[in-house]
Structures are given as structure tokens and as C-alpha cells.
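Participant: Any chance you can model this:
(2 chains)
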Amino acid sequence: MKRVYLGEFEEIVLLVVAVLDGVAYGVNITHEILEQTQRSVRLNQVHASLQRLEEKGMIVSKMSNPTPERGGRRKRIFTITAYGSNTLKDIQQVRASLWNAVPPTLKSAHA
Amino acid sequence: MSPSPSSHPTPPRWATRLLEWYCAPELLEEVQGDLLEEFLLRCRHDGPRAARRDYVRNVFEFMKPFAIKRKPTSNPILPMNLLRHYFTVALRQVLRHKAFSAINVIGLAMGMTCCMTIFLWVIDEQAVDNFHAKGDQLYNIYMTVHARSGNQGSYNTPRNYRDNKTYLVVDDAKTSIPEIKGMAFYATGYSLPWGHPETFQVGDKKHKLEGSRASADFFTMFSFPILAGDANTALKDLSSIALSRKMAVLFFGSPENAIGKSIRYENKIDFQVTAVFEDLTPHTSWKFDFLVNWESHMTRMDWASGIMQTTLLLSEGANVEDVTHKLNVFVKSRLDKDQPFSVTLGLQPFRDQYLKANFTDGKPSGGRIEYVRIFSGVAVFILIIACINFMNLATARSVKRAKEVGVRKVIGSPRHYLIGQFFGESLLLSFLALAVSLVLLQFLLPLFNQVTGKHIVAPITDGFTWLGLVGLAFVTGIMAGSYPALFLSSLKPVNVLKGVVQFTQNAIWFRKGLAVFQFGLSILLLIATIVVSQQTSFLQHMNLGYDKENLFYFPIEGELAKYDKFQALKQKAAQLPGVMMVDRSSEAPHAMGFVVDEDDGVAETQNPDDTAIKWEGRDKGSMVGFKPTSVGFDFVKLMNLDIVEGRDFSRANATDSADAFLVNEQAVKEMGLKDPIGKWVSAWQKKGHIIGVLKDYNTNSLRERIRPLIVDVKEYEYFGVILVRTEAGKTREALAGLEKIYKEINPNYPFDFRFVDEEYNKMYRNEQVMTKLSNAFAALAIVVSCLGLLGLVMFSAEQRTREIGIRKALGATVANIVGLLSQDFVKIVALSFLVATPIAAYLMHQWLNGFAFKIDLSWWIFAFAGIVALCVALLTISFQAIQSARANPVDSLRSE
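Facilitator: The predicted structure is shown next:
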């Protein structure tokens, strides 16, 4: 089967979830993306992506225990699934092999 | 604003609320948490202002499909979605077919208004005499007299003589029948309540009021509220009298003031006020402003009639049949056995005395309850007619709806969903109609009260009423929606979608049958209306045998009971301008109630053969119920009576006042006389000869047949009425003059005159009300039916738009097309006429049987009703048909 299509932004979100291993939730994902990519990301975009990723089965979520911060509200903690990390690896491989095929002149020009 | 924004900044509350409102509940917690965290971070970096701005922005940004709350997709218990869908579709249908909807709603609203009005009336009728706390234990005694002439029933009580005193034979039944806990006697006149008002006086205050006499248990058995005094002792003493609040205020200023005071009756007897009761409500069939102690009635007062009603209070759970049996055993031992008749007693619940007061063959049988039933029936009929409109229109339109049904079925709608949908539509319309009819009712009730003489108020504050109204709308909706719901939902989608909506012959017949039924009912009501109003006007304008115009009377009372005063008044009155003739009669001539020698079970004498009236050649034991009256010499001329044989009384004939009798033709017949003139007759102590025979004339309402009449002549009598015949157009003048004379001669009594024609008409109040109501209902039924017809024609015209276009293009005239469209409906009206006529004829025949004098059911009544129905129907049809026929064919054919 062909693997599921992953949008560019979704890919970034998925990567960040993987980076924030086990503590990823809406706000820190947003800030992480902001810091790493300098893109102006909005919370709602992240939430929407997370939901789509969960529907696709790339991540799973569970509610954290309540803490006094955030007015006692729980967080939804996202973790990447095996299927999600395999997808990331696939993408990585495709990119790497393609990158290897790029002519050396182009590589050095931007290096 | 929060007091210290720097230390504890909060996001704008409204934004939070907005978020809570739209956000899906399962996402709310995390989203809210994230937004708050973000807000606090921004606060630290950029300050609270920027943080708030950002928070609001975030809230709005979250309004995305993934986060917005969704309606629950399904609810297994109550399919709210589906219900809402039904009503949405129904509303769209209603708005799309405005004309049809209007016809439906108006028709239903009329039916409902009619139904509600009648329902209120029925409730009001049933409330009469039905408010007494011990009502379940109260029973009226009715007396059945079995005589040769048949069985007679009445609310009377048998009496007997003992020690030269009349007494009621049941008066000590309480001691021998343990179930009887209380017993109340109440006296009435021939014409309820008492027959005539009586005069009371306190100091200079003098008023005439109607009341009666009742026994000591009266106020403890019945729940008439006592304002002052004690219910237990209210009527105990010989001189005690109880007054209504109105009467107490009239004489003494207040109920409390009246207690213990003395009040003079007819300038003869002084009574002491022992109790004051609340004015009677319209829910009492008895009408009295005062009640006098029973012993006074039996020993020292005039009777208005010999009718004395007995009401028993039975112990709780007493067996009525047992008590009746015991009562009969009890009475039998106390009545004379050698009467030519026998008497049995029966018990009827007291609350039935208003609605079921007629007697047939000696037993209670209906009465006003029949009007209640008839009108309830009419109400239901009209509602049915309105419902049929709905069914018919819905069925007719089903050709269009059929496709919708097909599509719905193909998509997977189960049949019961479709049934629900059609019921939804009809319920929507019926509730709309309910709203309209409530408004209508507010306008109609005052009018209705005026016609029926009631004081009905719509009980809009009562919870049960609303429950009833909602129930009515619901039942109507279900009834009206039943056919389309059950029929349309049964269509097979394959046939429908293929485009062949073939109604079976049955369905077409059903539709036509409904229309026939509807019009049949309308024609029935129309015929009933014509008959009732004809009969009423016949009664009012029938030649009674005497001239009731320009004739009034007033009672002989007070000073007038003295011979010289009576003569003085008579002579002075006769000379007044405008007065043609003055004379006396022992009873008002239009309503003579007294019948002597009738087998009425009231033994006034010991010997059965010792009747009051005897005549030459009478068979031993034969009895004729005479109406006896004693009149002045000018009575026959004054009344304009015809003499068929013999001569009138004459002052010139010295023997007349001692020897002469007039009888009417009916009397001659019943007495069995061949050649009446000159035969001897004796009436009570007076013996004389028949000098003339009067042509029969009516001495009471026309419900009663003409009865034997015996008239003797006396210049003067201390009771009865004075009759005055005035010249046409000069009545006012005559009355003014007479009142002056009356005040001089009889100052202690108010001048209480009544016109014979008005009093006569009052006896037909029921019929007049019937006439007005049936007029209204018939009109309503016709209008509602025509609305239905209009709807059907509109539909049929719409269906045949193209046909009409083509016909016109090919040269059909407007008349052709109108004929084409009308044909079917004319057939329907004709058929319903054929169905309705025999039923109407039968019913009207039954109704007319209640009258001794009645109109013939001539053919023209039916023909007229048929023609009216046809004309109205044609008018309705042509309203639409002409419009369709005149349409330009270009417009109708262009759409192809």
C-alpha cells in the first residue's frame, strides 16, 4: 500500500511531537515550531494538525493528570506511534536518496 | 477590571464564554487550558493588553469545523432531529401553499371555536344544581300517577287530609325509613319559580320579589352559603324567613342588619328575618330571593300551585332502590285506596332536576339534556366537517406529495417516519387553528352569552382547560391527518417514481364520499334551521284564538282585593284616554296552568265521585280535566273570542252571574254532550246552565293541546288579574294614566303590569335560542364545507391547467370550462342532498312531535335547503372556475 500522504506542516508537527518525546501538547509544540522554524504558527493550526495526525494514526493522545497551572485543567499529551515514526523514517529516506541524486554543483552552491 | 492586572491578569471573560459556547465539549478542556497557558506566557512577555488581544484572536481562530460543537447525531429514545425535521417540512409546506393552508386553518379554527363554545355551554348546563356538597346523597321524589288517562309524572308529593288539615304523606317517613337523614320541602308555582312576585314592606320601603317556601332542613341539606344567621334554625319557627343578600341589602342595608328584623308580607303577615343567604348563582334552577317557613305555607298562606317538591338526604351508601321500595310501602298505607288512580313514588338524583325534568309515561325522561346532546353532536359534526376539509385537501394534493414520499422511501425512510411527518403537518395546522380559534372565542363569547342568557367566561386561567385545549388540537390534528398519513405512506415508491400515481377507484370514492358526507351534514343542519325557525315563528304568530296585541294585565292584590276599590279602579280606568276595555280574569289568559279534576294524584276530597265539576248526563266516575276560570262580563269581547253556539254573558240577564257557564268546543267533546246549550253544570258550590260554546282558543303555550275550558262570570273576585285592552298606538298614554290611578287606589303595591304578547313570547325562549344557535351553526357548517369545496376546486383547476389551456386554444368558451369544472361538484352536492333529506325529515319529525301545534314538513323546506346548498356551492366553485377559465391559454401552455 502506498503510504499515507503527510502535509508539510503536518510533518513538522509530527517531528516536533517526536522531539518533545512524551511531553508534547498544544502550547509547547507551537512554541517549539516557532523557535525551530521561525514561522508564525497559531495554536489553532497546531490543534487542527494534531487532530488530523491522530485520525491518521500517527500519534496517540491521553489526558495528563491535572496540575495547578492552567487553572487546574488537564493537558492532552501526544506521543508518536510506531506507524508515525516509520512514516517519518520513510520520508527521511526518500529525501536522503533524492538529495544524493542532486548534482554536486547545486549542493556546494548553497552549502 | 480585575484589581491588580499585573499580578493576576485574566483573559476577557466574554471570549472565554464564547469559547465555552461553541467549542466541542470533548475538546474544551485542553483548548481552554492551552489558551490560558498561552495567555499567561504572553502576559509575561508582552504585557496583559497584548495578551488579551491575542487571547481573543485565538478564540476566534478556534472557530474551525474541527472544534465546533456538533448536535448529537442520534438519540435512540426521542428522535428530536426527526421531530424537528417533521415540523420544518410542515412549516415549509404551509408557507408554500398559502391558500390551502389558509383554508385548512380557517376551517379548523371555525370548527374548534364552535366546539369550544358548545363545550363551555355544556359544562355550564351541567353545573346547574350540581354544586351542593352533599349532592351525591340528594334525591328528588317524583310522583307517578297511574290513571285511566295514562301515567303522569311530576316533582310533586302526595297529600292527604287529616283533622281538617292538609299534610304531605311523606312528612314523617324519616322515622320509619332509617336511610333518610333529611327531608326538605320546596313549593313552586305552575310556571317556575313561584309564578308571580310577592310584595314585602319594611317601613316605607316596598318591593316585589319572587321567592318560595321551604322546610327546616333546607339550608342544612343544600349548600347555599349563609351570610348571617344559623343554617340549622333558619326556617324553624312559624314566623321565620330567610332573605337573599340582595333583598337584605334592599330593605336593611346589609345582611347583618337584617337579622332579627321584622318584614311585612303582602300587608298581612309579619315575618322575622332569621338568616341571610348569598344571592343565587345562575347555576341554580330554583330562583328565590326569600324563603318562608313551611308551616306558614301549609297553614296561613296562599298557594301558587299545589306542587310541593320533596328532596331527600339519604345516608351515605344507601341503596336507592331499597329506599324507593320502602317509600312506596310507606306511602301506600297512608293513601286512600278507593281513588280512581294509584300513586307510586320514585327517586331521581337532585342534580338531574335541571337537565332531566321532563316526564314521559310518568317517568323522568330527558329534558334540556336533549339540547345538550343535540348541540354536542352538532359541535362534533362541525369539527368533523372541518377535519374532512383537511383530509380531502391533503389527499387531493397527494399526487404532488406522492413523489416526495417515493423519494423519501427510496432514500430509506421507514413507513412510520412518513406517518410521523404527515401527522406533524396536521398537528402544526391544528395548533395554528387552535390559536386562531382562541382569539375568535374571545370575540364570540359575549355574543353567545347574550343569545343564551348565560354568563360563561372562558376559563383561561385554569390548567385543565389548557390541557383540554391542547388535547382538542391534538385529537383534531390526528383525526385530520389520519387519512393522508396512512394512505400516502403506503404508496409504493416504484410506482410513484415511475410517474404513474394511480389512485385506486376506492381512494377516489373515499374522497368523494367525504365530500358527500360533509355536504350532507351541512344540508341536514340547514334543513333543521329552517324547520326550527319556521316552527318558532309559527308559534309566535299563530292565531291563538284571541287577540294578544295591545293587551296588558296586572295582579289583583292589596287594596284591589276589596270590592269597592276594585270597582273604583275599573271605572276610572275605563274612562282613561287610550283604554278600550278593562275587565278581570282569575288567571292571566295566555298561561292558564290550573287544571281541576285531573287525575293528578292529589286527593283533595274523600269520595272519588265527588268531583269539583259535574254535568248533565255525566257517566259515574268519568273525569274531565277542566281549566276553570272566572271572568268579568266583558271578558269575551275584550279578548276577541268567538262564540260558535249560544250567547255571551250579559249584564242584562239577571241570572247570568249565578247561573251561566261558557264552555269551549273541546269541553263539549270530552263531556260527551250532544246539544250543550241549556244543559246543567255544577262547579264546586255553583250550579248553573251552559249558555254558550266558545270556539277553542289557546290558554297556554302551544306545547299543550287545547284543553276543556269552563268559564263562569263574576263582576268581582279578590284574586286574579285585571286585563286592560288599549287602542293601538296609545298604550303608553293608557299606562301613564293607569299608573296614576293605581297609586291612588293601591298605594302599598307597586304597579306591576305585563304585556300579554311579551309574556307569551317568553314561553318560547328555548325555541328562540335554538333558532339563533342553529342559524349560526348551519351558516358555519356551510361556510366550512364551502371552504373545503373551494380547496378541491382550486386543486382540480390547478391540475387541469393544461387541459383548460388546450381546450381554450381549440375554442372552448368560458362557460364550457366553468361547466367542466363544476360538473363533478354539482354531482357531489346532489348526492349529499339525497342522503341528507330522509335523515333530516326523520329527525325533524321527531322534534316537531314535542309540539301540540306544529308546521307541516312541506317539500319546499327540503327543496329550499337543497337549492341554497347548491347555489352556495356553485358560487364557491365559480369563484375559482371562472378565474381558471378566463386565464390566457398562452400562459398555461407556455410552461410545457
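Participant: got a pLDDT number for residue 47?
Facilitator: You didn't say which chain, so I picked chain A. Looking at A:His47, its pLDDT is 91.
Participant: Can you look at chain B instead?
Facilitator: Predicted confidence (pLDDT) for B:Gly47: 88.
Participant: Repeat that for the one 10 residues further on.
Facilitator: B:Arg57 is assigned a predicted lDDT (pLDDT) of 91.
Participant: Three-state assignment for it, please.
Facilitator: Secondary structure, DSSP: H, G, I helix; E, B strand; the rest coil: B:Arg57 is helix.
Participant: and the longest helix for chain A?
Facilitator: helix A:82-101 (DSSP state H).
Participant: quick one: that one to chain centroid distance?
Facilitator: Mean C-alpha position of helix A:82-101 versus that of the full chain (CA atoms, centre = their mean, to the nearest Å) differs by 14 Å.
Participant: Now B:Val122: closest residue in space that isn't a chain neighbour?
Facilitator: Take B:Val122 and drop its neighbours on the chain: the residue closest to it by CB to CB, 6 or more residues apart in numbering or on different chains is B:Val372, 5.4 Å away. Any C-beta I mention is one placed from the backbone N, CA and C, and that applies to glycine too.
Participant: In contact with the one you found: list those residues for me.
Facilitator: Shown in contact with B:Val372 (CB atoms under 8 Å, 6 or more residues apart in numbering or on different chains): B:Val122, B:Glu125, B:Gln126, B:Leu355.
Participant: Verify the contact between the second one and B:Arg373 for me.
Facilitator: Right, B:Glu125. No - applying CB atoms under 8 Å as the test, B:Glu125 and B:Arg373 come out as separate, 10.6 Å apart.
Participant: Which one of these two is surrounded by more residues?
Facilitator: B:Glu125 (19 against 13; other CB atoms under 10 Å in any protein chain shown).
Participant: B:Asp217 and B:Leu235, how far apart?
Facilitator: 8 Å (CB to CB, to the nearest Å).
Participant: Counting neighbours, go ahead and name the busier of the two.
Facilitator: Per other CB under 10 Å, whichever of B:Asp217 and B:Leu235 has more neighbours is B:Leu235, with 27 against 22.
Participant: Look up how far B:Leu243 lies from the more buried one.
Facilitator: From B:Leu235 to B:Leu243 the distance is 12 Å (CB to CB).
Participant: got any residues that touch both of those two?
Facilitator: By CB under 8 Å, 6+ apart, B:Leu235 and B:Leu243 have these common neighbours: B:Ala275.
Participant: Local confidence estimate at the residue of chain A found nearest chain B?
Facilitator: Closest residue of chain A to chain B, CB to the nearest CB: A:Arg73 (3.5 Å). Per-residue pLDDT puts A:Arg73 at 86.
Participant: what residues are up against it?
Facilitator: Neighbour list for A:Arg73: A:Pro66, B:Glu29, B:Glu30, B:Gln32, B:Gly33, B:Leu36 [criterion: CB under 8 Å, 6+ apart].
Participant: and the gap between the fourth one and A:Gly26?
Facilitator: Think B:Gln32. In this view, B:Gln32 and A:Gly26 are 11 Å apart by CB to CB.
Participant: Likewise for the first one?
Facilitator: Look at A:Pro66 and A:Gly26: by CB to CB, they are 16 Å apart.
Participant: which of the two has more neighbours?
Facilitator: Using other CB under 10 Å, the more surrounded residue of A:Pro66 and A:Gly26 is A:Gly26, with 22 against 14.
Participant: pretty sure the more buried one contacts A:Gln45?
Facilitator: No - in this structure A:Gly26 lies outside contact range of A:Gln45 using CB under 8 Å: 10.4 Å.
Participant: Please identify which helix or strand holds the closest residue to B:Asn775 other than its chain neighbours.
Facilitator: Spatial nearest neighbour of B:Asn775, excluding adjacent residues (CB to CB, 6+ apart): B:Thr529 at 5.5 Å. B:Thr529 is located in helix B:505-541, with elements delineated by DSSP states H and E.
Participant: For chain B, which residue gets nearest to chain A?
Facilitator: Closest point on chain B to chain A, by CB to the nearest CB, is B:Gly33, at 3.5 Å.
Participant: how many neighbours does that residue have?
Facilitator: 24.
Participant: if we can go back for a sec, and the residue of chain A closest to chain B, how far from A:Pro66?
Facilitator: 7 Å.
Participant: do B:Arg415 as well
Facilitator: With distances taken as CB to CB, B:Arg415 is found 51 Å from A:Pro66.
Participant: quick check: domain ranges of chain B?
Facilitator: Listed by automatic domain parsing, the domain ranges of chain B are B:13-61, B:135-367, B:370-539+B:765-894, B:551-753.
Participant: Let me have the ones you listed in JSON lines, extended by distance to A:Glu8.
Facilitator: Listed next are the domains of chain B as JSON lines, based on distance: least, CB to CB, whole Å:
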{"stretch": "domain B:13-61", "distance to A:Glu8": "20"}
{"stretch": "domain B:135-367", "distance to A:Glu8": "87"}
{"stretch": "domain B:370-539+B:765-894", "distance to A:Glu8": "41"}
{"stretch": "domain B:551-753", "distance to A:Glu8": "103"}
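Participant: Can you say which of the ones you listed is nearest to B:Ser101?
Facilitator: Among those, domain B:370-539+B:765-894 comes nearest to B:Ser101, with 6.8 Å by CB to CB.
Participant: And what about the residue of chain B closest to chain A, helix, strand or coil?
Facilitator: helix.
Participant: Would you mind measuring from the nearest residue to it once chain neighbours are set aside to B:Leu36?
Facilitator: Using CB to CB, 6+ apart and skipping the chain neighbours, the partner closest in space to B:Gly33 is A:Arg73 (3.5 Å). Going from A:Arg73 to B:Leu36 by CB to CB gives 7 Å.
Participant: A:Met63 against A:Arg74, yeah?
Facilitator: Yes - with contact defined as CB under 8 Å, A:Met63 and A:Arg74 form a contacting pair (4.6 Å).
Participant: So those two - more neighbours on which side?
Facilitator: Neighbour tally, A:Met63 and A:Arg74, criterion other CB under 10 Å: the higher count belongs to A:Arg74, 16 against 13.
Participant: For the more buried one, give me phi and psi.
Facilitator: Backbone geometry at A:Arg74, expressed as degrees, to the nearest 10, gives phi -80, psi 160.
Participant: and what of the one 4 residues further on?
Facilitator: For A:Phe78, the backbone dihedrals are phi -110, psi 140 (criterion: degrees, to the nearest 10).
Participant: What does the pLDDT read for the residue nearest to B:Asn775?
Facilitator: Looking at B:Thr529, the pLDDT reads 84.
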